[in-house]
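Engineer: Okay, predicted coordinates and the sequence, questions at the end:
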Amino acid sequence: MPQTPTTCVCSHCNGFAIVRITTGTTPDGHHLTLPAACPACHGTGHTTTRTTVKAVAK
Ligand SMILES: [Zn+2]
């Protein structure tokens, strides 16, 4: 019987916690990318079993 890992892959990003968003290309040919962390797992790529969902009050 396989053991269940203590951490699960984040269902929000499927493990791809850090993505690079291409913002454009400079006239020099450089690609402008910005790293964006998953808001659900904060860039860890996995979630713990205790998930707290809070309503964000603005
Ligand atoms: Zn995530």
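Structural biologist: Noted; the coordinates are in hand.
Engineer: Touching, Ala17 and Gly43? I think so.
Structural biologist: Yes - using CB atoms under 8 Å, Ala17 makes contact with Gly43 at a distance of 4.6 Å. Glycine gets a C-beta too; all of them are placed from N, C-alpha and C.
Engineer: Can you check which residues contact both of those two?
Structural biologist: Common contacts of Ala17 and Gly43, defined by CB atoms under 8 Å, 6 or more residues apart in numbering, comprise Ala37.
Engineer: Those two: who's more crowded?
Structural biologist: For Ala17 versus Gly43, neighbours defined as other CB atoms under 10 Å are more numerous around Ala17 (20 against 15).
Engineer: Close to the ion: what parts of the chain are there?
Structural biologist: Cys10, His12, Cys13, Ala17, Cys38, Ala40, Cys41 (CB under 5 Å from the ion).
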